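[1] Next come a sequence and a model predicted from it.
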Amino acid sequence: MTFATARGLASYRQVEVQSRTPLELVTMLYDGAIRFLGTARDAMNRHDIPARREALNKTLAIIAELQNTLNMDQGGEVAVELDRLYEYINMRLLDAAMRNDVAPLDEVTRILGILREGWATIAANEKVPVEAGR
């Protein structure tokens, strides 16, 4: 990839992120985490430790970002439970790395897929205009 192509791609991604609602951004974070989990799984199967480490580090960074965006004061029980779930996900990712086992990755991928669908539904419903008088 040339420097100009890389710069153009970075600009495109920046515009894409800036044009999204906060709920869509959360969905994008889940998409990224799921994608990196797939990369980590593939790397484990190939016994490519550096690639596995990089993909798991990216996944952990995304989970940390999701966890950091929780509003524990206003989020109530939902925020508390999501925080617990993110802690569990972190533990499972570390288990996968220590044991070089894809089973925890598959479990986390399922969990994140369910969460992603929920957030995507909420984001889609937020965009639907409410008709006057209803």
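    Arrived safely, thanks for sending.

[2] Quick one: low-confidence residue ranges for this protein.
    Judged by pLDDT under 70, the chain has its weakly predicted residues at 1-19, 127-134.

[3] Can you pull up the most central residue in it?
    With distances taken as C-alpha atoms, centre = their mean, the chain has Tyr30 as the residue nearest its mean C-alpha position (2.6 Å).

[4] That one contacts Ile111, correct?
    No: at 10.1 Å, Tyr30 does not count as touching Ile111 under the criterion of C-beta atoms under 8 Å. Every C-beta, even on glycine, is put in place using the N, C-alpha and C of the backbone.

[5] Point me to the helix or strand that includes the nearest residue to the residue nearest to the centre of the chain once chain neighbours are set aside.
    Excluding the flanking residues, the one nearest Tyr30 by C-beta to C-beta, 6 or more residues apart in numbering is Arg116, at 3.6 Å. Assigned by DSSP states H and E, Arg116 falls within helix 102-127.

[6] residues in contact with Ala120?
    With contact taken as C-beta atoms under 8 Å, 6 or more residues apart in numbering, Ala120 is in contact with Thr27.

[7] one step back: tell me who's in contact with the residue nearest to the centre of the chain.
    For Tyr30, the contacting residues are Leu66, Leu112, Gly113, Leu115, Arg116, Trp119, taking C-beta under 8 Å, 6+ apart as the criterion.

[8] out of these, which is most surrounded?
    Of all these, the most densely surrounded is Leu112 (23 neighbours; neighbours counted as other C-beta atoms under 10 Å).

[9] Report the separation between it and Asn57.
    Noted for Leu112: a distance of 16 Å to Asn57, by C-beta to C-beta, to the nearest Å.

[10] gap between Pro104 and Gly75?
    Between Pro104 and Gly75 the computed distance is 26 Å (C-beta to C-beta).

[11] which one of these two has more residues nearby?
    The neighbour count for Pro104 versus Gly75, taken as other C-beta under 10 Å, is higher for Pro104 (19 against 14).

[12] Surely that one touches Met98?
    No: applying C-beta under 8 Å as the test, Pro104 and Met98 come out as separate, 9.6 Å apart.

[13] And Asp48, its phi and psi?
    The phi and psi torsions at Asp48 (degrees, to the nearest 10) take the values phi -100, psi 90.
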